[in-house]
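Chemist: Sequence and computational prediction follow.
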Amino acid sequence: MGNSNVYNILFCGTGGQGVLKASEVCGVAAVNAGFKVKKSEVHGMAQRGGSVESHLRIGKEVYSPLIIPGQADFLVSFHEDESKRMNHFLSPQGVDFTPFLEKVNQLPDHRLVNTFFLGILASRLPIPEKHWHEAIKCVIGKKIDENIAIFRMGFAI
Amino acid sequence: MNQKEKTIQFLSGDEALGRGAYEAGLGVACAYPGTPSTEILEYLSKYSEVDSQWSVNEKVAFEVALGAAIGGVRSLYASKHVGLNVAMDPLMTASYTGINAGFVIVVCDDPGLHSSQNEQDTRWVSIYGKLPMIEPSSPSEAYRFIKEAFQISEQFDTPVLFRMTTRVAHSKEGVQIAVRTENEKKALPMDISKYVMVPGNAFKRHILVEKRMENLSKYAETTTLNSLETGNSGIGFLTSGVSYHYIKEMFPDASVLKLGFTYPFCDSKIREFSRDLKELYIVEELDPFIEEHVKTLGIPFKTKENSYRIGELQPQDIPRIVEGLPRTEVKSTARKPVLCRGCPHRFVFTILKRLKVTVAGDIGCYTLGATPPLSALHTCICMGAGITVHEGLRRAHPDQKIIGVIGDSTFIHSGITGLINAVYNNMKGLIIILDNSTTAMTGGQNHPGTGQTITGQKAPRLLLEEICKSCGVTNVDVLTPFKFKELESLIRQRLAEDALSVIIAREPCRLIERRRSPAPEYVQSKCKKCGLCLSIDCPGVVKTEDGYITIDQETCAGCNLCVEICSPKALRQHG
């Protein structure tokens, strides 16, 4: 956790990869677990293959909806190019998810990379598992069993 | 309340505003889609108690909503900043008529131009239009403030401007929601002197408007929409909107006066706030709106360096502003958006590029036809201008090959008047309506041409070809752009004729019909590395290190445009 008792999570990737959905699941889980949450992103051009980023901040009190460069605790990147682009956001102690991209090929369905990453993230956040499952059901809404299985694979890493 | 609804919901600024308006007894809501305001009406349309609509354009939306408010039902208009420009005509006079039931004008600015053609600061409309303005700084404030907006509207007999920015509209947080309060419907007004704005009546109304602004100035001093936090560092910030949260993040110990009721200004409150401070800073995004006013109060303050008038603020900017430093130039490395794989627009722009024509463009996904390597669209000003700027360009250069392009939703929005103008003034030329049968850029909203309303109910489908014919256009053709060669020869033919022609290039948006065919086959031995296939800017055609190409099987939609233009025949249809 950063110095201000806030978890700063930066999701990034390209349009259509499920970046916004992953951030949404995490936000819903955190709200349901009783945290104050702020999430900020930009829509519109996102579906057109452009860069997509979603800032998510979770804590007891959160002001800015945007993360300050150098203060992200987690860089949840779905694309190596985007990792490089957003790397300056990561804090020195922050966790870079880019190496986990290598494990995506081992997934039964690599399109579910976002739930896999959520699993990895969940193991590092103080949000009880039931809230994650509920958020996946509520936000993703389809292929629930498959998604939860892949979420658990991520959690185990 | 629906038992299934949670009392704390994770809502965006747009959704929270919608929820608050719903709870305030909103009866009629009208909008034309536009980022970042689109989700307001999308959210409201799920409530059967609210009569929601996608209007044909913002002027229409404004007038329908105003009519409902004059009729005695709480109503709401929503658009993005440039959309409000389209509705400025009724806005300026609605300020004079006032309302019968609450009327809120929601406008979403886009500092940083995330998805807009300019970066205008709509706060100035409050001064120009003599209207009170409310600015929430977060989704939960959008929820709370919109309820107050309706009360203020009714208390002072005025439309209320409700201004958000992208970072408020598209941020999310947990919002505590409540139940809806129904309002009593009022009788139809018969007050001619109030609602018939002929000179004699309007003159008297103007007197009342000035009186109203005086009363609103007094109200500004007491409203809880303006909030004061006293810190212990001796420095204070005067601010509004999302900038407040950046200040709290970076200077938690400072005093802050946050204007939620931004206009008219609370002069006494500002004076009192500044009195005990060692240093007052004014921090606001875009224009020096608060700053220009505080100058007139004669209060000393420090403010942002001029470079911060461009683009949105970020939390890390606040310390630099305090130190008087300019914005650090950061070169954007963001991946540029491109037309989707299999997008029908790509076929049209590939042809236009080949024909080396000048293209007057419009607002929509197809504006991406301007980005290299396509570079086949040469103007983009506002909705409707694809047709009218085409006319102007042709009047300036009657001997040049000039084409206008416009989308289906934009054509209905404000292209039809331009088309009638061209016919009436004996203009020759060629307009291509890029009809993907949806409002694509904002996420696929219905419009009169789709034959469905905002809630998906069936509506009479407006046939664009019939409209064009009735306007008096000489040649009207409808063709799918996927018939590449046919379309190309038709465009060549129409361009050569001395007539006004419209070609409707009709094919549904790829995001609606996610059809996929097998990817084409690539025979590298035939490839001459000419780069033609790369010139179409398709995300599925990827250049390899050795100068050849590969078709990304994951990305390719199988539209075969690359096959169409590959002259060495190195690419061929699958199978």
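Modeler: Nice, I can see it.

Chemist: Going by C-alpha atoms from here, please, whenever you check contacts or count neighbours.
Modeler: Fine.

Chemist: residues in the stretch 51-200 of chain B within reach of chain A, list them.
Modeler: Residues of the stretch 51-200 of chain B lying close to chain A by Cα under 8 Å from any Cα of the partner chain are B:114-115, B:166-167, B:170-174.

Chemist: out of those residues, who's nearest B:P344?
Modeler: B:S115 (21.3 Å; Cα to Cα).

Chemist: How is the closest one assigned, secondary-structure-wise?
Modeler: Three-state assignment for B:S115 (DSSP: H, G, I helix; E, B strand; the rest coil): coil.

Chemist: quick one on the thing from earlier: the residues of the stretch 51-200 of chain B next to chain A in strands, which ones?
Modeler: Here DSSP state E is the test, and these give B:171-174 as lying in strands.

Chemist: any low-confidence regions in chain A?
Modeler: Residue ranges of chain A with pLDDT under 70: A:1-4, A:43-48.

Chemist: where along it do the strands fall?
Modeler: A:6-14, A:36-41, A:51-59, A:72-77, A:90-96.

Chemist: Can you say which of those is nearest to B:K211?
Modeler: That would be strand A:36-41 among the strands of chain A, by Cα to Cα, at 40.6 Å.

Chemist: Would you mind pulling the contact partners of the closest one?
Modeler: Outside strand A:36-41, the residues that touch it by Cα atoms under 8 Å, 6 or more residues apart in numbering or on different chains are A:20, A:23, A:27, A:30-31, A:52-66, B:167, B:170-174.

Chemist: does B:D110 really touch B:T166, like I thought?
Modeler: Yes. Counting by Cα atoms under 8 Å, B:T166 is a contact partner of B:D110 at 5.3 Å.

Chemist: joint contacts of those two?
Modeler: B:P36.

Chemist: list the contacts for the residue lying closest to B:C556 once chain neighbours are set aside?
Modeler: Excluding its sequence neighbours, the residue lying closest to B:C556 (Cα to Cα, 6 or more residues apart in numbering or on different chains) is B:G540, at 4.7 Å. By Cα under 8 Å, 6+ apart, the contact list for B:G540 reads B:341, B:551-557.

Chemist: Looking at those, which is nearest B:M197?
Modeler: B:R341 (51.9 Å).

Chemist: what number of residues lie near residue 125?
Modeler: Looking at chain A here, since you left the chain open. 14 (other Cα atoms under 10 Å in any protein chain shown).

Chemist: that's the wrong chain, I meant chain B
Modeler: So B:V125, with other Cα under 10 Å, has 18 neighbours.

Chemist: Could you do B:C365 as well?
Modeler: Neighbours around B:C365, by other Cα under 10 Å: 22.

Chemist: try B:A149
Modeler: Neighbours of B:A149 (other Cα under 10 Å): 25.

Chemist: Quick one: end-to-end length of stretch B:46-61, please.
Modeler: In stretch B:46-61, first residue to last residue: 18 Å (Cα to Cα, to the nearest Å).

Chemist: Quick one: neighbours of A:N147, just the number.
Modeler: Residues near A:N147, counting by other Cα under 10 Å, number 23.

Chemist: Can you tell me, leaving aside adjacent residues, what's nearest to it?
Modeler: A:N147 sits nearest to A:T115 (Cα to Cα, 6+ apart), 6.1 Å away.

Chemist: try B:V64
Modeler: B:C30 (7.1 Å).

Chemist: ok and the residue in the stretch 101-250 of chain B nearest chain A?
Modeler: Taking Cα to the nearest Cα as the measure, the stretch 101-250 of chain B has B:S171 as its residue closest to chain A, at 4.2 Å.

Chemist: Apart from its neighbours in sequence, what residue is nearest that residue?
Modeler: The nearest residue in space to B:S171 (Cα to Cα, 6+ apart) is A:S40, at 4.2 Å.

Chemist: you'd agree B:L11 is in a helix?
Modeler: No. Secondary structure of B:L11 (three-state DSSP): strand, not part of a helix.

Chemist: Confirm for me that it is in contact with B:S138.
Modeler: No. Using Cα under 8 Å, B:L11 is not in contact with B:S138, being 10.4 Å away.

Chemist: who's more crowded, the two?
Modeler: Neighbour totals were compared for B:L11 and B:S138, and B:S138 leads with 29 against 25 (other Cα under 10 Å).

Chemist: buried set for stretch B:397-408?
Modeler: Judged by neighbour count using 16 or more other Cα atoms under 10 Å in any protein chain shown, the buried positions of stretch B:397-408 are B:401-408.

Chemist: now do stretch A:55-70
Modeler: A:55-59, A:62-68.

Chemist: so what's the closest residue to B:L534 other than its chain neighbours up against?
Modeler: The shortest distance from B:L534 to any non-neighbouring residue, by Cα to Cα, 6+ apart, is to B:V541 (6.5 Å). Listed by Cα under 8 Å, 6+ apart, the contact partners of B:V541 are B:533-534, B:549-552, B:556.

Chemist: Closest to chain A out of these?
Modeler: Closest approach to chain A among the contacts of B:V541 (Cα to the nearest Cα): B:C556, at 13.1 Å.

Chemist: wait, doesn't the closest one sit right on B:R515?
Modeler: No. Applying Cα under 8 Å, one finds B:C556 not in contact with B:R515, separated by 11.1 Å.

Chemist: neighbour-wise, which of those two wins?
Modeler: Taking B:C556 and B:R515 together and counting by other Cα under 10 Å, B:C556 has the greater number of neighbours (21 against 11).

Chemist: biggest helix in chain A by residues?
Modeler: helix A:19-32 (DSSP state H).

Chemist: relative orientation of it and strand A:36-41 in degrees?
Modeler: 170 degrees (axes from the mean of the first three to the mean of the last three Cα atoms, to 10 degrees).

Chemist: Is there proximity between helix A:19-32 and chain B?
Modeler: Yes. Under the criterion of Cα under 8 Å from any Cα, helix A:19-32 makes contact with chain B via A:27-28, A:31.

Chemist: Identify the residues contacting residue 118.
Modeler: No chain in the question, so chain A it is. By Cα under 8 Å, 6+ apart, the neighbours of A:L118 are A:22, A:26, A:151, A:154-155.

Chemist: wrong one, chain B
Modeler: Contacts of B:N118 (Cα under 8 Å, 6+ apart): B:V82.
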